[in-house]
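K.L.:
Dropping the sequence and predicted coords here.
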2 protein chains.
Amino acid sequence: MTMTIFETTHRDTTTNARLGLLHLGHGTVETPVFMPVGTAATVKGIHHEEVERIGYKLILGNTYHLYLRPGLEVLERYGGLHKFSSWNHNLLTDSGGFQVFSLSGLRKIEEKGVSFQSHIDGSRHLFTPESVIDIQAVIGSDIAMCLDVCTPPEISYKAAKEAMELTHRWAQRAIIHRNRHETMKGNLFGIVQGNFYEDLRKASAEFFNEQDFPGLAIGGLSVGEPKEEFIHFLAHTASYVTKEKPRYVMGIGSPDYILEAVEQGIDMFDCVLATRMARNGALFTDDGILVMKKAIFKFDQGPIEKGCTCRACTHYSRGYLHHLIKSKEMLGGMLATEHNLTYFHRLMERIRTAIANNEFASFKRACLERFYGA
Amino acid sequence: MTMTIFETTHRDTTTNARLGLLHLGHGTVETPVFMPVGTAATVKGIHHEEVERIGYKLILGNTYHLYLRPGLEVLERYGGLHKFSSWNHNLLTDSGGFQVFSLSGLRKIEEKGVSFQSHIDGSRHLFTPESVIDIQAVIGSDIAMCLDVCTPPEISYKAAKEAMELTHRWAQRAIIHRNRHETMKGNLFGIVQGNFYEDLRKASAEFFNEQDFPGLAIGGLSVGEPKEEFIHFLAHTASYVTKEKPRYVMGIGSPDYILEAVEQGIDMFDCVLATRMARNGALFTDDGILVMKKAIFKFDQGPIEKGCTCRACTHYSRGYLHHLIKSKEMLGGMLATEHNLTYFHRLMERIRTAIANNEFASFKRACLERFYGA
């Protein structure tokens, strides 16, 4: 039977938003939670020590990247990614499926799994529903994900249905294989698919509700579709996914998408946006994104954001950040990363407070108005 | 009259090495001292907070770079580089001369100064002995340097002599101009030149000994000449430079060059080597340089260097560093920079201890044997 790793502690009275606790191998995590992405055994541009100091207790690693480099032999000898990368809190890993579909070459989907070519050296590999569980067991993931078939928007109904059905068959194989791993019992999540077809989304949610998974992800959203489409299919799918389990939307991380998802009772998110934009000198504040290379910041002696407790804001000015970004100095990306991760951590804290106070609807509205303008 | 900013506290009985204290605007610095280079208002790849935590009390900034970007208008509004870059210890700046000679285009040396073209945007500028003092006053340097004429090895005696004589005339103009700046009285250093001609080196040293400078640098060494040449001209020049003042050799920073210089009673050094090599994945240890991308480190679970207190060594393994460098992750350069700066700080501490114990000669020998092999 499925282990219970999640409890809902409060439901907002104004929306479907909810507070919860996720009990994982490396400690308990408050939800809704945003996870920074540490693709290749490091959250880019920041020490794990700082990620921890900001307050994060759960980060994401990418199975595809870790499998290719450093590789399983290295991770095995270290006893997993926690020890290898000196991260003592929780790790979630994706299945590698999404990266196979977005990064690798010459991929071929068959019943047994997906074969692909490494984007690093062109070598050929095969991921199966079973092998990605074995890989995530070596990584030592606190939450592991099933292999799924990722599809782009605007494919035919027939193709979407076939991909979904294969995803379902892979999920059933995954459960059987997971049960062979003592350590994986409580932490393998299923991924609802169904592309942008309402009945397929419903069917996939209902299928996964019946399976023995401790948590469920909604996959295949935020893959290039218009925002209205995202919101519609998120709400639609979420209405069918069981509320008993933690619910995770993969790959979202702008404030508006996070707020929409929280409103639909989603508990978990991850995205590279915060860290990738930081390295390009784009900094998140309550009043929107500051593009630091702009000349208006040259003489600006104020902090990036008043009240922010990160080192960029407490030690430096906008003018200094402007200089670092213009000069392409590493410290620019380092400070911006620290700031953006602090921003998102604080956003999630405020979201949780708003839910606790049963005022998420008004919080969301005020937040969006301030961030994106009237 | 020259202010006294330096005191010799101990002389090694086995060599010319000595211990001293340098009393500067932002606190006292123990010598011999190595200065990390913070070219453009940041030591590349590391927070100033970490530079401070390692133990550094004096870093170098490059006048040429700072003058071009962020520029004097920005630095003036901030009240100087200390505040702009959040560095509360001492700053030494070079005069900009060396960068004009090595980085800029279309440079022209005249009696009044050197005109050049920015390497950033091609704009034209003029540095004079007076203007570089004004610039360094805006920067707020705790030690400022005179504009000098930098010459490569293997120029004619005539050209070397003319360059030296112009350097001397510029130095005299610099003193007159410095005296107009209340804040600059105690901190402008002269730079001995003379290329690779013994009599010119002697003449330049004797000239500068007579001038009203609180400290002297030996310039124009380590500019591409063979190591034997460097050692010879360093010892030769050092033998004529007054021992009453702090003595600085510009642009050296490999352990062997530092040890040679300390042996000749040099008190100060700076170099980009430690930080630049770090970003390329080359790490300094007592047993030599580790090139971290090498396959031999892939499974190496030991620290970069046993006993080192930096975060790279206390939190991570050689195998992890290998992975980061191979994957071109920012954290690789960040950790390597922290390690190398820690290495050089510790090397200087051990050098000072050896001098205090009157065993610098044997310390140097053991150090070189271990680092470079028998």
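P.N.:
That came through fine. Numbers count the residues shown, from 1 in each chain, chains lettered A, B, ... in the order given.
K.L.:
burial count for the residue nearest to A:H23 when sequence neighbours are not counted?
P.N.:
Sequence neighbours aside, A:I5 is the residue nearest to A:H23 in space, at 5.1 Å (criterion: CB to CB, 6 or more residues apart in numbering or on different chains). Any C-beta I mention is one placed from the backbone N, CA and C, and that applies to glycine too. Counted with other CB atoms under 10 Å in any protein chain shown, residues neighbouring A:I5 total 21.
K.L.:
mind listing what A:I5 touches?
P.N.:
By CB atoms under 8 Å, 6 or more residues apart in numbering or on different chains, A:I5 lies in contact with A:L22, A:H23, A:L24, A:G186, A:N187, A:P214, A:G215, A:P246.
K.L.:
can you tell me which of these are in strands?
P.N.:
Filtering the contacts of A:I5 for membership in strands, criterion DSSP state E, returns A:L22, A:H23, A:L24.
K.L.:
mind checking how far the last one is from A:T63?
P.N.:
With distances defined as CB to CB, to the nearest Å, the gap from A:L24 to A:T63 amounts to 17 Å.
K.L.:
ditto for the first one
P.N.:
Separation of A:L22 from A:T63 (CB to CB): 20 Å.
K.L.:
Could you do A:L331 as well?
P.N.:
For A:L331, the distance to A:T63 - CB to CB - is 31 Å.
K.L.:
Out of those two, name the residue with the larger neighbour count.
P.N.:
A:L331 (28 against 25).
K.L.:
ok, back up a step: look at the residue nearest to A:H23 and report its pLDDT.
P.N.:
The model reports A:I5 with a pLDDT of 94.
K.L.:
And the helix or strand encompassing A:R276, what does it pack against?
P.N.:
A:R276 belongs to helix A:273-279 when elements are defined using DSSP states H and E. Helices and strands touching helix A:273-279, by 3 or more CB pairs under 8 Å, 6 or more residues apart in numbering or on different chains; DSSP states H and E, are strand A:282-285, helix A:330-356.
K.L.:
Sheet partners, orientation included, of the first one?
P.N.:
Note on strand A:282-285: by DSSP bridges, its sheet partners are strand A:288-291 (antiparallel).
K.L.:
Give me the helices and strands touching the helix or strand hosting A:E130, please.
P.N.:
Using DSSP H and E, A:E130 falls within helix A:129-139. Applying 3+ CB pairs under 8 Å, 6+ apart, one finds that helix A:129-139 contacts helix A:63-66, helix A:72-78, strand A:90-93, strand A:144-145, helix A:157-178.
K.L.:
can you do 6 Å?
P.N.:
helix A:72-78, helix A:157-178 (3 or more CB pairs under 6 Å, 6 or more residues apart in numbering or on different chains; DSSP states H and E).
K.L.:
Return the most buried member of those.
P.N.:
Highest mean neighbour count of the helices and strands packed on helix A:129-139: helix A:157-178, a mean of 19 (counted as mean count of other CB atoms under 10 Å in any protein chain shown).
K.L.:
got TSV for the helices and strands packed on helix A:129-139, with distance to chain B too?
P.N.:
Shown next, in TSV, are the helices and strands packed on helix A:129-139 (distance: least, CB to the nearest CB, whole Å):
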stretch	distance to chain B
helix A:72-78	6
helix A:157-178	28
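K.L.:
could I get the ones you listed as CSV with mean pLDDT?
P.N.:
Formatted as CSV, the helices and strands packed on helix A:129-139 follow (pLDDT from 0 to 100):
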stretch, mean pLDDT
helix A:72-78, 97
helix A:157-178, 97
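K.L.:
For A:Q301, give me its contacts.
P.N.:
Contact analysis of A:Q301 by CB atoms under 6 Å, 6 or more residues apart in numbering or on different chains lists A:S317, A:G319.
K.L.:
can you tell me how far it sits from B:G79?
P.N.:
With CB to CB as the criterion, A:Q301 and B:G79 are 10 Å apart.
K.L.:
Now A:R124. Nearest residue, chain neighbours left out?
P.N.:
Nearest in space to A:R124, with sequence neighbours left out and distances taken as CB to CB, 6+ apart, is A:Q117 at 5.6 Å.
K.L.:
Secondary structure element holding A:E369?
P.N.:
Secondary structure (DSSP H and E) places A:E369 in helix A:360-372.
K.L.:
What is the distance between that helix and the centre of its chain?
P.N.:
22 Å (CA atoms, centre = their mean, to the nearest Å).
K.L.:
what mean pLDDT would you report for that helix?
P.N.:
Mean predicted confidence for helix A:360-372 is 97.
K.L.:
repeat for stretch A:128-144
P.N.:
97.
K.L.:
quick one: contacts of that stretch?
P.N.:
With CB under 6 Å, 6+ apart as the criterion, stretch A:128-144 contacts A:24-26, A:63, A:66-67, A:72, A:75-76, A:80-82, A:90-93, A:95-96, A:112-113, A:147, A:170, A:173-174, A:177-178, A:181, A:184, A:187-188.
K.L.:
can you pull the contacts of the residue of the stretch 101-250 of chain A found nearest chain B?
P.N.:
Closest residue of the stretch 101-250 of chain A to chain B, CB to the nearest CB: A:I120 (9.0 Å). Applying CB under 6 Å, 6+ apart, we find A:I120 in contact with A:L68.
K.L.:
quick one: which helix or strand includes it?
P.N.:
A:I120 belongs to no helix or strand, assigned by DSSP H and E.
K.L.:
just A:V149 next, same as before
P.N.:
Using DSSP H and E, no helix or strand contains A:V149.
K.L.:
Which pLDDT does the model give it?
P.N.:
95.
K.L.:
likewise A:K245?
P.N.:
97.
K.L.:
how about it, what does it touch?
P.N.:
A:K245 neighbours (CB under 6 Å, 6+ apart): A:G215, A:L216.
K.L.:
Which positions in the stretch 251-374 of chain A make contact with chain B?
P.N.:
A:F299, A:H315, A:Y316, A:Y320, A:H323, A:S327, A:E329, A:M330, A:L331 (CB under 6 Å from any CB of the partner chain).
K.L.:
With adjacent residues omitted, what lies nearest to the second one?
P.N.:
So the one you mean is A:H315. B:S86 (4.5 Å).
K.L.:
Domain map for chain A?
P.N.:
Listed by automatic domain parsing, the domain ranges of chain A are A:6-271, A:273-374.
K.L.:
then stretch A:367-374 to PDB, C-alphas only?
P.N.:
Taking C-alpha atoms only, stretch A:367-374 is exported to PDB below (Å, rounded to 0.1, in the frame of the first residue of the first chain):
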ATOM      1  CA  CYS A 367       0.500  40.500  -6.000                       C
ATOM      2  CA  LEU A 368      -0.300  40.300  -9.700                       C
ATOM      3  CA  GLU A 369      -1.400  43.900  -9.900                       C
ATOM      4  CA  ARG A 370       1.800  45.100  -8.300                       C
ATOM      5  CA  PHE A 371       4.100  42.800 -10.200                       C
ATOM      6  CA  TYR A 372       2.600  43.100 -13.700                       C
ATOM      7  CA  GLY A 373       0.900  46.500 -13.500                       C
ATOM      8  CA  ALA A 374      -2.800  47.300 -13.500                       C
END
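K.L.:
Check which residues of it are buried.
P.N.:
A:C367, A:F371 (16 or more other CB atoms under 10 Å in any protein chain shown).
K.L.:
who's in contact with that stretch?
P.N.:
Residues contacting stretch A:367-374 (CB under 6 Å, 6+ apart): A:P255, A:D286, A:G288.
K.L.:
By neighbour count, which of these wins?
P.N.:
Busiest of the contacts of stretch A:367-374 [other CB under 10 Å] is A:P255, holding 22 neighbours.
K.L.:
Per-residue pLDDT of it, please?
P.N.:
Reported pLDDT for A:P255: 96.
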